[in-house]
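> This is a predicted model, with the sequence first.
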Amino acid sequence: MLTGALAVATTALTGCGVRLEDDAPDLPFVPRREPIPAEQALLAVLGALEAGGEEHATQRADLLREALVEAQVPESVIADASAPASDAETAAAFEAAVRECGAGMLGLVGRLTATHRITSPLGDKPRLWTTPPAEAWTAGKIAADALEATRATMYALDLIAARSSTTVSKAVLDTGTELEGLAVRQTTAAGKHVGSATLGYERPDDLRGSKAMEWGTESFGKLLVAYGACFDGLADDRDAALETVTWMVTAERLSRPRFAQPVPVLYGDTTATG
């Protein structure tokens with residue numbers, strides 16, 4: 001009778017698709033839970049976000065926690081998440097999460113990584129982060145889309161410089177020159193998908209006074225969103241996903257002197273707001 005009852009219980013568990021948690025005792029014929037892709041790295045990232053004191057850090061941790069629950073990671077496992085012991089381990093965890101997470105989580109994880117590099121002291125330690133290879137992307141069309149967004153921002157900067165005082169104009173032109181460095185790299189990444197430069201982009205009718213600088217701030221915001229959108233097409237090219245993180249970090253840095261962005265929950269995302 002006992003054997004029969006065990007068999008019935010086992011059938012009920014497996015028939016309902018129940019998977020044992022990591023620390024559950026083994027039962028015959030009941031599969032242990034398979035971790036989701038990059039689970040340990042994602043839990044380390046969650047721990048780092050929970051321990052962070054940056055603005056909106058709690059909301060960022062909530063977003064990742066919700067994604068892990070949706071991916072059926074047990075809440076008891078999520079609750080045990082802890083921050084890595086060192087900066088190097090934290091940077092490695094973020095990069096491993098980008099490289100190894102499931103395709104459906106890449107958009108969130110990529111933006112979280114870029115945002116953490118922008119807002120935390122870890123971003124000021126470039127030696128901790130991997131330098132992306134300077135090769136053409138497998139997903140060249142995605143790089144071409146990023147290039148088009150960069151060109152649009154460069155166009156805005158050129159017009160703003162032309163309508164500014166000498167001092168401001170030089171600073172804006174210097175920003176455009178640095179942004180051009182991204183455009184050169186994006187041209188290589190896009191390969192055969194590079195399109196002809198657009199002769200003119202959408203622009204406000206009124207660029208007098210502060211309106212020009214407001215346009216610059218808006219242009220950089222759109223640029224970060226365009227870069228963030230790249231992640232959705234980079235599931236099969238994780239080197240490119242990591243490079244997109246660096247593009248976002250660079251764009252935000254270039255915006256700071258004249259076109260500083262309000263700190264959002266996630267850079268490059270229009271849905272997660274503070």
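Sure thing, it's come through. Numbers count the residues shown, from 1 in each chain.

> Look at G195 and report its pLDDT.
At G195, the pLDDT value in this model is 83.

> Now do the SS call for it.
coil (DSSP: H, G, I helix; E, B strand; the rest coil).

> same thing with the one 5 residues further on?
Secondary structure assignment for G200 (three-state DSSP): coil.

> Which of the helices or strands spans the nearest residue to it once chain neighbours are set aside?
For G200, ignoring the flanking residues on the chain, the nearest one in space by Cβ to Cβ, 6 or more residues apart in numbering is Y155 at 7.4 Å. The C-beta positions use only the backbone N, C-alpha and C, and glycine is treated the same way. For Y155, the host element (DSSP states H and E) is helix 140-162.

> Now that helix: average pLDDT?
On average, helix 140-162 scores 96.

> and what of stretch 43-60?
97.

> how about it: buried residues?
43-50, 52, 54, 56-57, 60 (16 or more other Cβ atoms under 10 Å).

> and what of stretch 97-117?
Buried residues in stretch 97-117 (16+ other Cβ under 10 Å): 97-101, 105-117.

> Among the residues you listed, which lie within helices?
Within these, residues falling in helices by DSSP state H are 97-100, 106-117.

> So which of the buried residues of stretch 43-60 is the closest to A240?
V45 (19.8 Å; Cβ to Cβ).

> next SSE after the helix or strand hosting that closest one?
Here V45, judged by DSSP H and E, is contained in helix 39-51. Note on helix 39-51: by DSSP H and E, the next helix or strand toward the C-terminus is helix 57-70.

> That following helix: which residues count as buried?
Those would be 57, 60-65, 67-68, for helix 57-70 by 16+ other Cβ under 10 Å.

> Could you list every helix and strand in contact with it?
helix 39-51, helix 75-79, helix 106-119 (3 or more Cβ pairs under 8 Å, 6 or more residues apart in numbering; DSSP states H and E).

> mind checking which of these is nearest L207?
helix 106-119 (28.1 Å).

> Give me the distance between the closest one and the centre of its chain.
Centroid displacement of helix 106-119 relative to its chain, using Cα atoms, centre = their mean, to the nearest Å, is 3 Å.

> Between the ones in helices among the buried residues of stretch 97-117, which sits nearest P37?
E100 (5.4 Å).

> Tell me how far that closest one lies from R111.
17 Å (Cβ to Cβ, to the nearest Å).

> Then A81?
From A81 over to R111 (counting by Cβ to Cβ), the distance is 19 Å.

> Report the mean confidence score over stretch 77-88.
Here the average pLDDT along stretch 77-88 is 97.

> which one of the helices and strands packed on helix 57-70 lies closest to V265?
helix 106-119 (7.8 Å).

> any idea of the angle the closest one forms with helix 57-70?
160 degrees (axes from the mean of the first three to the mean of the last three Cα atoms, to 10 degrees).

> can you give me the angle helix 106-119 makes with helix 39-51?
Using the same axes, to 10 degrees: helix 106-119 against helix 39-51 is 40 degrees.

> what packs against helix 106-119?
By 3+ Cβ pairs under 8 Å, 6+ apart, helix 106-119 packs against helix 39-51, helix 57-70, helix 87-100, helix 210-229, helix 238-259.

> Tell me how many other residues crowd I118.
22 (other Cβ atoms under 10 Å).

> sorry, that was for V263
That count, for V263 with other Cβ under 10 Å as the rule, works out to 14.
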